[in-house]
Structures are given as C-alpha cells and as structure tokens.
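J.: only geometry, no sequence info:
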C-alpha cells in the first residue's frame, strides 16, 4: 500500500502519541492543520498530528469533476449504493498510516484516528474493525458507512475493536450536507452494539465551531492524561 502524502505537526519533541486526522470531500490535509494550536494541549505529552491528503478522483455527484476524496459520492439519496471499493481502499490507506506510526515507535494504544465528513466515515470504518485496541476514535459531522457489513465484520467479530474504545462524535444541528439525524443514527447503532459514544451537537452547519474544539481538546487530554 502506497502511503498518501501528509502534513505533520508535532506539539513538542519526541511525541508519545499520534492523531491521524482525515479531511472531508474537496479539502486537503491542510484543512485542520490550524486547529492544532487552538487545542491547547500543552499540559500533556507531545503528540504528532498527521493530516493526510486524499487521492484526487472524479466525483459522480459533482458531474465527474476530480477533487480530493476518500471515496466517490454517487448521489445524495441515502438509499443509493455506496462506493464500497473506494471506502475499503481508503481504509487500507489509513491502516497503512497506523502501521507507519507503529514503525516510528508509537503503539496502537497511543494512536487516535479521526476525521471530518468523508474522513470521519473512513475513521469509523477502520476504527470499529481494527483488531488491536486504539487510543480513541473521533468522528465529526459524519456517519457510519457500509452499515450492512457491520454485523459480520464488527458486531459479531471477536477480532474487531474492543468495545471500550473511546469514541467522540459531534455534529451540527443545521448541517445541510449530512443531516444531524445521520450522525444520531450512527451513534445509536454503535451504542446499541456495545460501544459507548461521547456525543455532542452544536448550532452550526457542516463545519467546526469553537465549542467543539474545546470539547475535542478535553477529550484528547483525557485520553493522553497518563503521559
């Protein structure tokens, strides 16, 4: 697997943990780079933030125009088949990024995977299936993809992610792109099958707000508080 190019930021020397954070459709790895200083993580051990760039590919719903995307969007109709090949391909990229962090001395239990919108869907796809305990999973303004595969691959799979995985999910109440109900349904599905989701919603569209950043900061600090 070829690793995607990525932006990296370290909050200090010799990072003791890594956060791999995937952007949304049409953005790139720079999208969430400015948030790192706003997280105010000075009180914990240094972290490495990895912001990969999605591959450029044509997007059906945008008339075939090419842009950075983790998978194709065929239609806004929620009953339209999803791009399973693209989702699984990008999932493999994320797994390769996790393995690279391991090769750099960061154990799985010190790695958080995160994402916004499309990136959050990939984070949920990989995070729930990953066979070894991760530090946490953060999914912003997104949903669980490929729901029809969850029962076999996650809920009835003893080798899937342990149910005590810390999961942070957040969504804008006024999101016109991915209605908040999609996030709520995904939260409820995970909760009903043994996971415990920390949920937040905010009076915002398909975006990130200062209150959300503060909650993300608190969540990350709780995960890495043992440093």
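T.: Ah, there it is. Quick caveat: nothing in here was measured; it's all calculated off a predicted structure.

J.: can you pull out the strands in this structure?
T.: Taking DSSP state E to define them, one finds strands in the chain at 6-10, 17-22, 47-52, 56-59, 65-68, 111-116, 136-140, 167-172, 197-202.

J.: Of all those, which one is nearest residue 84?
T.: In terms of CB to CB, the element of those nearest to residue 84 is strand 56-59, at 14.8 Å. Every residue, glycine included, has its C-beta placed from N, CA and C.

J.: Pull up the pairing partners for that closest one, direction included.
T.: Next to strand 56-59 in the sheet, as set by DSSP bridges, lie strand 65-68 (antiparallel).

J.: wait, residue 7 sits on residue 33?
T.: Yes - Residue 7 lies in contact with residue 33 (CB atoms under 8 Å); the separation is 5.6 Å.

J.: Give me the common contacts of the two.
T.: residue 51 (CB atoms under 8 Å, 6 or more residues apart in numbering).

J.: Residue 156 - how many residues pack around it?
T.: Here the count is done by other CB atoms under 10 Å, and residue 156 has 10 residues near it.

J.: no wait, residue 100
T.: Neighbour count of residue 100, defined by other CB under 10 Å: 15.

J.: what does stretch 57-66 contact?
T.: By CB under 8 Å, 6+ apart, the surrounding residues in contact with stretch 57-66 are 25, 56, 67, 69, 72-76, 86.

J.: how about the longest helix along the chain: buried residues?
T.: If you go by DSSP state H, the chain has its longest helix at helix 84-103. Going by neighbour count (16 or more other CB atoms under 10 Å), the buried part of helix 84-103 is 86-88, 90-91, 93-94, 97-98, 101.

J.: Thanks again, I'm all set now.
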